[in-house]
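# return a 3D structure for these sequence lines:
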Amino acid sequence: MALIEWSDEYSVGIEKFDTQHKEIISRVNKLHAAVTAGKGNETVADLLNYLLAHTHSHFFAEEMAMARFRVPGQEDHKTEHKKLRSEVMKYAADVGAGRAAISDETLMFLKSWLIEHIQESDKTYTPHLKDKTF
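As a prediction, this is how the structure comes out:
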């Protein structure tokens with residue numbers, strides 16, 4: 001069973017970003033499946049890094065669109081992105097080095113952060129970006 005099931009309530013109404021959000025959810029679900037199956041730290045660290053790479057690309061796309069169209073609150077949004085990236089990068093390094101293991105608590109943190117970020121932060125840019133081309 002997937003940790004996160006995509007729901008239309010997560011949609012920000014911008015196809016590009018919804019597609020990216022769906023991919024991030026898919027990657028979180030792959031991480032969850034690996035942890036549930038008892039995969040080793042190396043596999044889990046690889047999946048975390050894979051998740052990070054896509055997340056970084058997505059965050060960059062959002063931040064560039066927000067800057068281009070001068071969306072209010074973009075600096076706070078960027079700070080949220082930076083904080084998550086930093087936390088996950090540190091965690092991936094710790095997992096890869098055998099200093100940590102992914103727990104249910106960690107997976108729930110990722111799930112909660114992602115869903116809350118989409119619904120509370122990302123949806124604030126929708127009115128400013130919905131009809132724009134980028």
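
# count the residues that sit near residue 131.
Other residues lying near residue 131 total 8 when counted by other C-beta atoms under 10 Å. Placement of C-beta: from N, CA and C, glycine included.

# correction: residue 81
Neighbour tally, residue 81, other C-beta under 10 Å: 19.

# now residue 115
Count around residue 115 with other C-beta under 10 Å applied: 16.

# what does residue 47 give?
Number of residues near residue 47 (other C-beta under 10 Å) recorded here: 22.

# give me the three-state assignment for it.
helix (DSSP: H, G, I helix; E, B strand; the rest coil).

# tell me how far stretch 12-31 is from the chain's mean position?
8 Å (C-alpha atoms, centre = their mean, to the nearest Å).

# before we move on, what about stretch 124-134?
19 Å.

# kindly indicate whether residue 133 is helix, strand or coil.
Going by three-state DSSP: residue 133 is coil.

# relative to residue 123, how far out is it?
20 Å (C-beta to C-beta, to the nearest Å).

# ok, those two, which is more surrounded?
The residue with more neighbours, out of residue 133 and residue 123, is residue 123; 15 against 5, by other C-beta under 10 Å.

# thanks a lot, see you next time.
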